[in-house]
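**Student:** from the sequence below, what's the structure:
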Amino acid sequence: MRTLTNGFLFFGYVFLAMTVGAFLWRAGLGVGAGAAATLGVLGILGAAHAIFTGIAERKALRAEIGSVRQAHRLLADAMEQTQNALGELATAIEAGALTRTEELTGEVRILEDLVAQMSVSIDQRLTVTPMVAPDTAEARRHHQSNQLLKTVHEALSENRADLYLQPVVSLPQRRTIFYESFTRLRDSADRVMMPAEYLSVAEGEGLVPAIDNLLLFRCAQIVRRLARQDRKVGVFCNVALASLGDETFFPQFLAFLSENRDLKDALIFELGQATYEARGAIEARNMAKLADLGFRFSIDKVQTLDLDFNDLQRSDVRFLKVSADLLIEQLLDLDGGSPIPSLRDIQAADFAQLTRRYGIEVIAEKCENERQIVDILELDISMAQGHLFGEPRAIKEAVLAETDPPGDFVRSTLISAEKRRRFA
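**Tutor:** Have a look, this model is predicted:
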């Protein structure tokens, strides 16, 4: 637009100068006078245009400089406000962290008080004289049960609960794609206690949810640690039927998982077949709540392959762990029989494909030798677990220390256990 305007002005100046020259020529002053007048007027108009244009440009430049200065002042004010806001935010975060630390400290104190109360309750139980004759088998069993209860309680309260992981591998590559987690308690002499030793006592005293609570929290932290190392593997986390039906434990369990839905693809909850089949309406409903959050289930300790696959699919069971020996026995050593009596058209080689149609992947567990793997591959089973691929190994203490749960995470289960003991 500016170029077009300058063009019109130039032609206007030329026309005006030629008009003055023509006027002088017509007045009889000659061609020379007319040409000189034309050039003179054109020069004067050009000089005037340059002067006025310069004045206008300087004025516009001063206006732009003023605008830049104003913008700079606004930017400086904004930066100052931002710095102040960041300072206030840092102060708020620091204050919030301190408050959270104080809250956790308070929770730990409450936990310690509850543990102390439970210790008093256990001490009272241990000091009660049994209504049986001394030096009898029943008296000895009573004493052993009390001692084991005390050992289990001390292991939980003193954080002598270790996390073990065993790899689950893909076949035939044998690449680790999952881990199964186990909890092992240690007594005061650091002797590892197997679940068979303490589960009966723990179940009777309502301590199983506390053990499951600890296992869940640590599994979640291990999954996050593996994710930071770009190792996208899942973890099978065993959960007891008592935990699924516990009115105190399960709501907190569900709340924790609701806040950590990003773990839904990495945490798989595992139940034994007998446990799964023994679940009631409450346990089934609570499993459905976990499934609504996107979490999956696995069934292990399978005793028969003649299962209700429709029911497993409805319950969001996605993995079926069957011992290698049972797979070989019921699928390969048939002597012409059907592997699944309720589905007589299914052949042994079709079993893995059958489960996949229901969204269930079979995992051969308790694999001990290479011969079993040859047979398992023949059955088109793509995952396996067992001592052949790696024994359960304890997580290092330094890593385990990072996975210690906050006090409130196990507080409610200790309260529940104390209530059970009080009203028993």
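
**Student:** going forward, measure contacts and count neighbours with C-alpha atoms only.
**Tutor:** Fine.

**Student:** who are the contact partners of residue 298?
**Tutor:** With CA atoms under 8 Å, 6 or more residues apart in numbering as the criterion, the residues that contact residue 298 are 236, 268-271, 317-321.

**Student:** closest to residue 9 out of these?
**Tutor:** The shortest gap between residue 9 and any of these belongs to residue 268, at 82.9 Å (CA to CA).

**Student:** ok, that closest one to residue 17 distance?
**Tutor:** With distances taken as CA to CA, to the nearest Å, residue 268 is found 95 Å from residue 17.

**Student:** where do the helices sit along the stretch 151-300 of the chain?
**Tutor:** Counting by DSSP state H, counting those that start in this stretch, residue ranges of the helices within the stretch 151-300 of the chain are 195-204, 208-228, 241-244, 249-258, 273-277, 281-292.

**Student:** for residue 148, which of those is the nearest?
**Tutor:** Closest to residue 148 of the helices of the stretch 151-300 of the chain is helix 195-204 (CA to CA; 7.0 Å).

**Student:** got the contact list for the closest one?
**Tutor:** Applying CA under 8 Å, 6+ apart, the set of residues contacting helix 195-204 from outside is 145, 148-149, 152, 183-184, 208, 242.

**Student:** same deal with stretch 161-175?
**Tutor:** 155, 176-186, 215, 218, 377, 381-386, 389-395, 400.

**Student:** re the thing from before, now tabulate the contacts of residue 298 in a markdown table and tack on neighbour count, pLDDT and distance to residue 248.
**Tutor:** Listed next are those as a markdown table, based on neighbours: other CA atoms under 10 Å; pLDDT from 0 to 100; distance: CA to CA, whole Å:
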| residue | neighbour count | pLDDT | distance to residue 248 |
| --- | --- | --- | --- |
| 236 | 25 | 94 | 23 |
| 268 | 23 | 94 | 22 |
| 269 | 21 | 94 | 19 |
| 270 | 25 | 94 | 20 |
| 271 | 20 | 93 | 20 |
| 317 | 24 | 96 | 25 |
| 318 | 20 | 96 | 27 |
| 319 | 23 | 97 | 28 |
| 320 | 24 | 97 | 29 |
| 321 | 22 | 97 | 30 |
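
**Student:** give me the residue at the spatial middle of the chain.
**Tutor:** The chain has residue 263 as the residue nearest its centroid, 3.2 Å off, counting by CA atoms, centre = their mean.

**Student:** wait, what's in contact with it?
**Tutor:** Contacts here follow CA under 8 Å, 6+ apart; on that basis residue 263 touches 220, 223, 257.

**Student:** quick check: the first one touching residue 267?
**Tutor:** What that stands for is residue 220. Yes - look at residue 220 against residue 267 with CA atoms under 8 Å: they come within range, at 7.4 Å.
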